[in-house]
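[1] mind folding the following:
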Amino acid sequence: MSTLLKPEPRVADPAPATRGDAVRPSSPPLAAHLVRVTLPEQGDELNGKALCEQLRRFLKAHPGPCCFFLEGTGMVNARIGFANAFKELDREWGARMEVVCAIPQPIPRMMAYTVATMAQASWHIFRTRVEAELHLQLRGYLAAEGGPSPRGPVHVSLHALS
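    Below you'll find the model as predicted:
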């Protein structure tokens with residue numbers, strides 16, 4: 001006696017995931033303000049404290065998250081006191097900050113990495129201003145020509161006291 005086995009219904013294999021289907025980590029929302037900060041040539045403790053005090057006053061006066069673009073292309077030196085001032089600022093306000101740096105010199109850039117390793121704020125450190133501005137364009141802070149994005153945040157400039 002021969003019994004015919006009926007094939008069991010097969011569940012269709014799920015479609016293979018393509019690169020476009022991958023879940024991308026979501027970027028944090030755009031900050032309410034993009035603050036361009038020109039870093040001093042010498043990053044010592046006094047300059048760091050004075051600059052961070054300006055940033056504190058700005059954060060107190062403007063609610064919501066802020067993106068600080070630290071433009072340090074003219075910076076030639078940074079000391080631990082300068083980095084410590086930014087660490088303290090991060091402890092107080094890191095939850096409201098995003099930081100983008102353009103620092104070509106190795107010692108000041110190393111100090112930025114020192115702060116970034118333990119910071120609450122999101123830090124993005126670049127060697128050139130062009131790379132940093134491209135990152136800001138991709139995040140929606142800058143338009144393609146480098147000016148403010150029509151849908152982006154308010155732009156403000158601060159200059160370090162030297």
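[2] could I get the contacting residues of Ala102?
    Ala102 is in contact with 69-73, 126-129, 131-133, counting by C-beta atoms under 8 Å, 6 or more residues apart in numbering. The C-beta positions use only the backbone N, C-alpha and C, and glycine is treated the same way.
[3] so what pLDDT did it get?
    Here, the pLDDT recorded for Ala102 equals 97.
[4] bridging residues for it?
    Glu71, Phe126 (DSSP bridges).
[5] measure it to Glu88 for me?
    Here Ala102 is placed at a distance of 23 Å from Glu88 (C-beta to C-beta, to the nearest Å).
[6] likewise for Gly72?
    Counting by C-beta to C-beta - Gly72 and Glu88 are separated by 19 Å.
[7] give me the more crowded residue out of those two.
    Set side by side, Gly72 and Glu88 show more neighbours around Gly72, with 26 against 15, by other C-beta atoms under 10 Å.
[8] for this structure, what are the low-confidence residue spans?
    1-29, 146-156, 158-162 (pLDDT under 70).
[9] what's the local residue count around Leu70?
    Using other C-beta under 10 Å: Leu70 sits among 24 other residues.
[10] residue contacts, the residue lying closest to it once chain neighbours are set aside?
    Spatial nearest neighbour of Leu70, chain neighbours left out: Cys101 (4.5 Å); criterion: C-beta to C-beta, 6 or more residues apart in numbering. Counting by C-beta under 8 Å, 6+ apart, Cys101 touches 69-70, 72, 109, 112, 123-126, 132.
[11] and Cys101, how far from Ala61?
    Distance from Cys101 to Ala61, by C-beta to C-beta: 23 Å.
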